[in-house]
Each structure stands twice: as structure tokens, then as C-alpha cells.
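J.: Structure here, sequence nowhere to be found:
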């Protein structure tokens, strides 16, 4: 008869992984940026222009 061993330290690993992923999801819901931060980032991305030049490489211009 073949003998097998069960490592009891590893038996609770899947439940710990599920708890960790659920905890990450909860933290992700709590830590979300405000609407003003999102609006500012979108406005910045609209005003940003990136130009590539031969002499200096890339130039970032913020068009105000």
C-alpha cells in the first residue's frame, strides 16, 4: 500500500490566499482617487505635448 503524507502547514494555504485577495479588493475599493484628481490628470494629459527632436531627444510641453 502506498503511503502519502499531508503537510498540515500547507492545508490552510488556499484559504489564506483567498482571504488575502479579498482583503486587497476591499482596500482597492476604499482607496480610490477623488473626482478632482481624475479631472486634473485628464486635463494635464490634454495639455501635454511630447515632441521628438534630433538634437535633444524628447521635449515635454505643457500647452497653457
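T.: Great, that's in hand. Being a predicted model, the structure only gives us computed values, none of them experimental. Residues are numbered from 1 along each chain as shown.
J.: use CA for all of it now, contacts and neighbours both
T.: Will do.
J.: Show me what the strand or helix carrying residue 61 is packed against.
T.: Per DSSP states H and E: residue 61 is located in strand 57-62. Secondary-structure packing of strand 57-62 (3 or more C-alpha pairs under 8 Å, 6 or more residues apart in numbering; DSSP states H and E): strand 48-53.
J.: what pLDDT, on average, does the strand it packs on get?
T.: Mean pLDDT, computed over strand 48-53, is 94.
J.: Sheet partners, orientation included, of that strand?
T.: In the sheet, strand 48-53 lines up against strand 57-62 (antiparallel) (DSSP bridges).
J.: what's the burial count for residue 48?
T.: 13 (other C-alpha atoms under 10 Å).
J.: what's the spacing between it and residue 31?
T.: The spacing between residue 48 and residue 31, counted by C-alpha to C-alpha, to the nearest Å, is 27 Å.
J.: Ok, residue 56 next?
T.: Applying C-alpha to C-alpha to residue 56 and residue 31 gives a distance of 39 Å.
J.: Please apply the same query to residue 43.
T.: Using C-alpha to C-alpha, we find residue 43 at a distance of 22 Å from residue 31.
J.: And residue 61, by the same measure?
T.: Counting by C-alpha to C-alpha, the gap from residue 61 to residue 31 is 31 Å.
J.: State the distance from the nearest residue to residue 50 once chain neighbours are set aside to residue 45.
T.: Among residues not flanking residue 50 along the chain, residue 60 sits closest, at 4.6 Å (C-alpha to C-alpha, 6 or more residues apart in numbering). Separation of residue 60 from residue 45 (C-alpha to C-alpha) stands at 11 Å.
J.: next one: residue 64
T.: Distance, residue 64 to residue 45, using C-alpha to C-alpha: 12 Å.
J.: Of these two, which one has the most company?
T.: More crowded of residue 64 and residue 45, by other C-alpha under 10 Å: residue 45, with 11 against 6.
J.: residues touching the more buried one, list them.
T.: Taking C-alpha atoms under 8 Å, 6 or more residues apart in numbering as the definition of contact, residue 45 has no neighbours.
J.: any idea which helix or strand of the chain has the worst average confidence?
T.: helix 8-11 (a mean of 59; mean pLDDT, DSSP states H and E).
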